[in-house]
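*Asks:* the amino acid sequence is not available; the structure is as follows:
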């Protein structure tokens, strides 16, 4: 019985730690496919190509026009499903955004970068909330959003934030709360609706287009300069695999693929975007996307090069940046803030063509 209690206690501790372990990794938000069915938001790297040509509106007519179907529900609250307990929490939008910023961006970053993240987080939340009010997802059990960071924007409860930040929690909470409050009710909009406010940890020196990564063009998610990212500790990473390791991973992951002959001919990058993301790579007789290759080898990004060493019998895969590369670079936002840019300048740089508006001005 003592042994059973011991095992149960250890298992409980592991379960409690799981939500926090995700945040030790570089962040990128989760964005679903840009299809006519999904005027949703966010990704972790698995959006298929061949989606619809643009992000559809969540309301039909533009906000403020006759026939607008956007909800007139409570604009200051958000229902969040705790995916670990199945309980739905009702939070003020302010408290949710504070928890999201604490989870998504290092609280040590410059205040203006935290403000930019706050607006992106608020935009994410209100877009997701309106989508759920128009077309509820049964899996959310009546909630607007979930704290499952593999599917939605990450969020820390106060307890999780205290555990994660430790003795620095109170100071970081005050700093992030101040950043959130100073942005008021600002959201990013395009043609009167909240945008898909994609973001990532670090670009490869230039951000990516939504079209290159997810197969669908989005007017405000296009490549922009983010060259300061080259100074990030997450900018470069090299992973080395033996011939046997690489062969096993690819043949296991890709049905019908056999890597034979000279290993130097096993891999060939066939197409790359202007910002560096690998679009297509050939592996033996198969062809796969850079995003799929990234997933198979657990790479930081799909902006990579591959070098084979015959002498060592190894493949070196070197990535640039961390995340899908679309939208705002968090490291780049911090660099812009340190150079004197305010949060509005940061946001309008990374989401070109979008505008900053008050929630009340867009009718939601």
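*Replies:* Received it, and whenever you're ready, just let me know what you need. Computed from a predicted structure; not experimentally measured.

*Asks:* with adjacent residues omitted, what lies nearest to residue 304?
*Replies:* residue 319 (4.6 Å; Cβ to Cβ, 6 or more residues apart in numbering). Heads up, the C-betas are built off the backbone N, CA and C, glycines and all.

*Asks:* which ones are touching the one you found?
*Replies:* 236, 237, 238, 239, 299, 300, 301, 303, 304 (Cβ atoms under 8 Å, 6 or more residues apart in numbering).

*Asks:* please redo it, this time with the cut-off set to 6 Å
*Replies:* 237, 299, 300, 301, 304 (Cβ atoms under 6 Å, 6 or more residues apart in numbering).

*Asks:* so which of those residues would you say is closest to residue 130?
*Replies:* residue 301 (30.8 Å; Cβ to Cβ).

*Asks:* so that closest one: helix, strand or coil?
*Replies:* Three-state assignment for residue 301 (DSSP: H, G, I helix; E, B strand; the rest coil): coil.

*Asks:* could you check the pLDDT of it?
*Replies:* Note for residue 301: predicted pLDDT of 98.

*Asks:* and it, how far from residue 112?
*Replies:* Distance from residue 301 to residue 112, counting by Cβ to Cβ, to the nearest Å: 25 Å.

*Asks:* equivalent analysis for residue 161, please.
*Replies:* From residue 161 over to residue 112 (counting by Cβ to Cβ), the distance is 21 Å.

*Asks:* next, the buried residues of the helix or strand hosting residue 345.
*Replies:* In the assignment (DSSP states H and E), residue 345 maps to helix 343-350. For helix 343-350, the neighbour count (16 or more other Cβ atoms under 10 Å) marks 343, 346, 347, 348, 349, 350 as buried.

*Asks:* pull up the pairing partners for the helix or strand that it is followed by, direction included.
*Replies:* Using DSSP H and E, the helix or strand that follows helix 343-350 in sequence is strand 355-358. Using DSSP bridges, the strands paired with strand 355-358 are strand 186-190 (antiparallel).

*Asks:* one step back: the residue nearest to residue 304 pairs with what?
*Replies:* Bridge pairing for residue 319 - DSSP bridges - gives residue 237, residue 304.

*Asks:* how close does it get to residue 180?
*Replies:* Relative to residue 180, and taking Cβ to Cβ, residue 319 is found at 32 Å.

*Asks:* in the stretch 251-364 of the chain, where is pLDDT below threshold?
*Replies:* Within the stretch 251-364 of the chain, no range satisfies pLDDT under 70.
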